[in-house]
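Novice: Show me how the following folds:
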Amino acid sequence: MPSLPSLLLLLLLVTPLLTSSQTFTPSEHLLVETSAKNLLKNWSTHPSFLSPEIVTEGTGTPLTKVPVPDEFADSTMCLDGSPFYFYIRSGDPSKVAIFLQGGGLCIERFDCENRAKTTQGSSLNWEDTLYEESNILSQDPRSPLSNYTHVFMRYCSGDTWTGTNTLSSGPGRYDLYFSGHNQVAAALSYLNKSLNFGDTQNSKLFLSGASAGGIGTNNNCDFVSEHFGGNVEVKCSPQAGLFFPENTIALWQSRIGIKSMTTNQIASIYLSRMFSSHHDKSCVVHALKNLDPPSYCWEGSYLTPHITTPILVAQNFWDQLQIDNILCFQDNLKHASCTSDFLGDFRRHTVEQLTDLSVKQDLGLFAPSCYMHTGNLCLFNSDADEENTVVQGKSYLDAVRAFVEDGELLVVVDDCVGEEGDEDYVPCNEVCEMHCG
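Specialist: Model prediction:
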């Protein structure tokens, strides 16, 4: 951790960024980068942030690897420059479900270069077929999406599906390609040109993703709607994509007195610049009007109010990944647990954020009182002996079914109370430990 004098200097230098416009000097960018690396570095390297294991055996029809259209070959590379593929399973040609795989992100040269040597950053060793059985691409007949054409977007860009690097523009930071947003655009083009999807009225598309894929769902939701114009009814459902609840300040950041910038702002500025991120148009208009950096639109608390496409947000009260490995990790390294006051504040920030969003038109919520990341946010528990997480009598499957079949956006937020009557930092949902694959 930086010394106390350097931290005081950091505090003095960061303060002006809050009131500045979207233009930053090189020294200010360097300052934000230093803060971001200190804040986010454990996000990129912790094992829990790896993409879920690819399943190569299952029941029914597998998803099959497909190359992007030729015109996208130079703009959709994985981190190492290898070609991007998505996986598709044919179904109703007028209905499509797309899932953006999660798996963290990369922050610094060493972890970006390491990621590029794995299947999270290179397609060279990708399997020809795979299965996805617990989430929105499940073939289980109980799913309202089971008969859709399924598209699995495998994560190899490390950029939360927001990057826009191309061969013509050259590689991004560390001579690696961040092209996640371009990969989404390529999949949409394939659906349109190869399957004629979107050419006629009354087509439907459901976009979802978990963790980094949840961030990507937020950032690409309106883009997908705009791509097809009025011919396709688009609906989105980010799972654990709220990075971070509004006004979040990391515990170690607060303890040493750096409160001039929130975790949200530091992460957004650094990551947007690093990834050359695509940003939602209406959110950018809002940012410019308010003299905020457009990069703030990367993160969910700033972006979600400006998403115009119907959206079902699935988010736990306490996001375990954010708390354990980003916001409190400096304390955890010193074997000091996150304080109950901080956990109470995190829950309060999350609930306030969700409450504010709940009044937004065309937005639904599924919010359990759980200390989890994505492990309980899926349609089906892969462990048959376990129940699903239920909020006010509804599971996430129930919320998705109402959204897809009836066009109803449920707002179900846990109102349970902890064993000792304390709901501030006691996860009180009866079933939190699930197995979403």
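Novice: going forward, measure contacts and count neighbours with C-alpha atoms only.
Specialist: Will do.
Novice: residue ranges of the helices in the stretch 151-300 of the chain, please?
Specialist: Using DSSP state H, counting those that start in this stretch, the helices of the stretch 151-300 of the chain run over residues 180-195, 212-228, 251-255, 263-275, 281-289, 300-303.
Novice: export those to JSON lines and tack on distance to residue 360 and mean pLDDT?
Specialist: JSON lines is the format used below for those (distance: least, Cα to Cα, whole Å; pLDDT from 0 to 100):
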{"stretch": "helix 180-195", "distance to residue 360": "26", "mean pLDDT": "95"}
{"stretch": "helix 212-228", "distance to residue 360": "15", "mean pLDDT": "96"}
{"stretch": "helix 251-255", "distance to residue 360": "30", "mean pLDDT": "68"}
{"stretch": "helix 263-275", "distance to residue 360": "21", "mean pLDDT": "91"}
{"stretch": "helix 281-289", "distance to residue 360": "15", "mean pLDDT": "96"}
{"stretch": "helix 300-303", "distance to residue 360": "13", "mean pLDDT": "94"}
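Novice: right, so of those helices, which gets closest to residue 321?
Specialist: helix 212-228 (11.4 Å; Cα to Cα).
Novice: and that closest one, what other elements does it pack with?
Specialist: Packing partners of helix 212-228 (3 or more Cα pairs under 8 Å, 6 or more residues apart in numbering; DSSP states H and E): strand 92-100, helix 180-195, strand 203-210, strand 232-239, helix 300-303.
Novice: Taking strand 203-210 as reference, get the angle to it.
Specialist: With axes from the mean of the first three to the mean of the last three Cα atoms, to 10 degrees applied, the angle from helix 212-228 to strand 203-210 works out at 160 degrees.
Novice: follow-up on the earlier one: for the helices of the stretch 151-300 of the chain, which one sits closest to residue 160?
Specialist: Of all these, helix 212-228 comes closest under Cα to Cα, at 4.8 Å.
Novice: Next, the buried residues of the closest one.
Specialist: Across helix 212-228, burial judged by 16 or more other Cα atoms under 10 Å covers 212-225, 228.
Novice: Got the domain ranges for the protein?
Specialist: Segmentation of the chain into domains, based on automatic domain parsing, reads 1-45+243-309, 48-241, 348-437.
Novice: Deepest-packed of these, please.
Specialist: Sort the domains of the chain by mean neighbour count, taking mean count of other Cα atoms under 10 Å, and domain 48-241 sits at the top with a mean of 21.
Novice: Quick one: distance of that one to the chain centre.
Specialist: Computed by Cα atoms, centre = their mean, to the nearest Å, the chain-centroid distance of domain 48-241 equals 12 Å.
Novice: so residue 171 sits right up against residue 163, yeah?
Specialist: No - when contacts are counted by Cα atoms under 8 Å, residue 171 is not listed as touching residue 163 (10.9 Å).
Novice: Give the residues shared as contacts by those two.
Specialist: Taking Cα atoms under 8 Å, 6 or more residues apart in numbering as the contact rule, residue 171 and residue 163 both touch residue 178.
Novice: which one of the buried residues of helix 212-228 is nearest residue 431?
Specialist: Out of those, the member with the shortest distance to residue 431 (by Cα to Cα) is residue 214, at 22.1 Å.
Novice: Make TSV from the helices and strands packed on helix 212-228 and add distance to residue 313 to it.
Specialist: Below are the helices and strands packed on helix 212-228 laid out as TSV (distance: least, Cα to Cα, whole Å):
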stretch	distance to residue 313
strand 92-100	15
helix 180-195	20
strand 203-210	10
strand 232-239	5
helix 300-303	10
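Novice: out of these, which comes closest to residue 363?
Specialist: Among these, strand 232-239 sits nearest to residue 363 (Cα to Cα), with 9.6 Å.
Novice: Strands along the stretch 51-200 of the chain, start to end?
Specialist: 63-67, 85-89, 92-100, 129-130, 148-153 (DSSP state E, counting those that start in this stretch).
Novice: Between those strands, which one is closest to residue 116.
Specialist: It's strand 85-89; of the strands of the stretch 51-200 of the chain, that one is closest to residue 116 (Cα to Cα) at 15.5 Å.
Novice: Hey, what's the angle from the closest one to strand 148-153? Just curious.
Specialist: 160 degrees.
Novice: List the strands paired with strand 85-89, with their directions.
Specialist: Strand 85-89 has its sheet partners listed here by DSSP bridges as strand 63-67 (antiparallel), strand 148-153 (antiparallel).
Novice: average model confidence for the first one?
Specialist: Computed over strand 63-67, the mean pLDDT rounds to 96.
Novice: With stretch 399-419 instead?
Specialist: The model assigns stretch 399-419 a mean pLDDT of 91.
Novice: Kindly export that stretch (C-alpha atoms) in PDB.
Specialist: Extracted C-alpha coordinates of stretch 399-419, given in PDB (Å, rounded to 0.1, in the frame of the first residue of the first chain):
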ATOM      1  CA  ALA A 399     -39.300 -13.600 -12.600                       C
ATOM      2  CA  VAL A 400     -37.800 -14.500 -16.000                       C
ATOM      3  CA  ARG A 401     -40.900 -16.500 -17.000                       C
ATOM      4  CA  ALA A 402     -43.200 -13.500 -16.100                       C
ATOM      5  CA  PHE A 403     -40.900 -11.200 -18.000                       C
ATOM      6  CA  VAL A 404     -40.700 -13.400 -21.200                       C
ATOM      7  CA  GLU A 405     -44.200 -14.900 -21.300                       C
ATOM      8  CA  ASP A 406     -46.400 -12.100 -19.900                       C
ATOM      9  CA  GLY A 407     -44.300  -9.000 -20.300                       C
ATOM     10  CA  GLU A 408     -44.500  -8.500 -16.600                       C
ATOM     11  CA  LEU A 409     -41.500  -7.100 -14.700                       C
ATOM     12  CA  LEU A 410     -41.700  -8.300 -11.100                       C
ATOM     13  CA  VAL A 411     -40.100  -6.300  -8.300                       C
ATOM     14  CA  VAL A 412     -39.300  -8.800  -5.600                       C
ATOM     15  CA  VAL A 413     -36.900  -7.500  -2.900                       C
ATOM     16  CA  ASP A 414     -36.200  -9.600   0.200                       C
ATOM     17  CA  ASP A 415     -37.900  -8.200   3.300                       C
ATOM     18  CA  CYS A 416     -36.800 -11.000   5.700                       C
ATOM     19  CA  VAL A 417     -35.100 -10.200   9.000                       C
ATOM     20  CA  GLY A 418     -32.000 -11.800  10.600                       C
ATOM     21  CA  GLU A 419     -32.200 -14.200  13.400                       C
END
